[in-house]
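Peer 1: got a sequence here, can you build the structure:
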Amino acid sequence: MLVSEVMLQQTTTGRVIERFGRFMAKFPTTFDCAAAPLADLLVEWQGLGYPRRCRNLHLAARTVVDEHGGVVPRDLDALLALPGVGPYTARAVLAFAFGDDAAVVDTNVARVLARLSGDALSARAAQAMADDFLPSGHAWEWNQVLMDFGATVCTARSPMCGSCPLEAQCVYRGIGDDPARTSALTSKPQARFEGSDRQARGRLMKRLGEGSVSSADAASVMGVDAQRGERLVSALLAEGLVSRDGSHLTLPTY
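Peer 2: Model prediction:
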């Protein structure tokens, strides 16, 4: 469950489904994930983007093994202490893996809550509102229904306000400024991918999955100029996503 939630943090379900199966087949337990070199995980992660999530998952697996005997903790604070696990992911694990009373707030839920309240909500306020709405003993069903409602009825661009079953309880009702637009946790337009640093970094990471790359060739592999290439390589090294072996770059082997 933790693996799937980390994969879904910034990647669509359609892209995750196939890769999740492959990843779990190769690293079926926290012990397997923790014991494997980060390079092996990064190779399996190719195509999902945002490889920092993969590094954090690797670190989280090692923390679970070292501090929790290899068992993902059933405790909010302990989950939040894991690398790369934030409020949504921690509560999603509690609600969907364990069936515990935990209200999850993703971008769809945050949008629904903001419109119901009529206010632009902070992350804290949205979570508090979600906690208040959560029916005890039904977190598994409730969270999925609310997320699906936001994805199909209370949508970002074309909310079905006229036929919404919550119209009587909603302050916004499609009239005036949409409070969801300035609320925390709601989706914002992503920066253009073509020509971005993310694209350039991804090119290098993909090539490194096939073997080492000369430091002198890194910029060319990324399709950027030398100065920009040096900046991106420095960032990847600092993030622990790339290692330097003499004059060559490699994926981390630790």
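Peer 1: so what does the helix or strand containing residue 219 touch, helix or strand wise?
Peer 2: Residue 219 is located in helix 218-222, with elements delineated by DSSP states H and E. With contacts defined as 3 or more CB pairs under 8 Å, 6 or more residues apart in numbering; DSSP states H and E, helix 218-222 has these neighbours: helix 197-208, helix 226-238. Using the backbone N, CA and C atoms, a C-beta is placed for each residue, glycine as well.
Peer 1: report all helices and strands that the first one contacts.
Peer 2: This points to helix 197-208. Secondary elements touching helix 197-208 (3+ CB pairs under 8 Å, 6+ apart): helix 218-222, helix 226-238, strand 248-250.
Peer 1: please spell out which residues along the last one are buried.
Peer 2: Buried residues in strand 248-250, counted by 16 or more other CB atoms under 10 Å: 248-249.
Peer 1: use 57 as the first number for this chain going forward.
Peer 2: Right, with 57 as the first residue, what we last looked at is strand 304-306.
Peer 1: contacts for it?
Peer 2: The contact list for strand 304-306 (CB atoms under 8 Å, 6 or more residues apart in numbering) reads 95, 260, 264, 268-271, 274, 289, 298-300.
Peer 1: what mean pLDDT does it have?
Peer 2: Average pLDDT, strand 304-306: 98.
Peer 1: same thing with stretch 65-73?
Peer 2: pLDDT averaged over stretch 65-73 gives 89.
Peer 1: about what we covered before: how about residues contacting the helix holding residue 275?
Peer 2: Residues contacting helix 274-278 (CB under 8 Å, 6+ apart): 256-257, 259-260, 263, 269, 281-282, 284-286, 288-289, 305.
Peer 1: so can I have TSV of the residues you listed showing distance to residue 206?
Peer 2: Shown next, in TSV, are those (distance: CB to CB, whole Å):
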residue	distance to residue 206
256	34
257	31
259	34
260	36
263	39
269	43
281	42
282	45
284	38
285	41
286	43
288	36
289	40
305	42
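Peer 1: and the helix holding residue 275, what's buried?
Peer 2: Using 16+ other CB under 10 Å as the test for burial, helix 274-278 gives 274-275, 277-278.
Peer 1: gap between the longest helix anywhere in the chain and the chain center?
Peer 2: Counting residues, the longest helix found in the chain (DSSP state H) is helix 108-124. Distance of helix 108-124 from the chain centroid (CA atoms, centre = their mean, to the nearest Å) equals 15 Å.
Peer 1: helices and strands around it, which ones?
Peer 2: helix 58-63, helix 86-91, helix 94-101.
Peer 1: got the ones you listed as JSON lines, with mean neighbour count and distance to residue 215 columns?
Peer 2: Formatted as JSON lines, those follow (neighbours: other CB atoms under 10 Å; distance: least, CB to CB, whole Å):
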{"stretch": "helix 58-63", "mean neighbour count": "20", "distance to residue 215": "26"}
{"stretch": "helix 86-91", "mean neighbour count": "18", "distance to residue 215": "40"}
{"stretch": "helix 94-101", "mean neighbour count": "19", "distance to residue 215": "35"}
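Peer 1: please identify which of these is closest to residue 161.
Peer 2: helix 58-63 (13.5 Å; CB to CB).
Peer 1: pLDDT on stretch 193-213, on average?
Peer 2: Here stretch 193-213 scores 97 as its mean pLDDT.
Peer 1: quick one: average confidence on stretch 167-186?
Peer 2: Rounded mean pLDDT across stretch 167-186 is 98.
Peer 1: quick revisit: columns distance to residue 190 on top of the helices and strands packed on helix 253-264, output as CSV?
Peer 2: Below are these laid out as CSV (distance: least, CB to CB, whole Å):
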stretch, distance to residue 190
helix 274-278, 46
helix 282-294, 40
strand 304-306, 47
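Peer 1: figure out which of those is closest to residue 203.
Peer 2: helix 282-294 (33.3 Å).
Peer 1: what is that closest one packed up against?
Peer 2: Using 3+ CB pairs under 8 Å, 6+ apart, helix 282-294 sits against helix 253-264, helix 274-278.
Peer 1: thanks a lot, catch you later.
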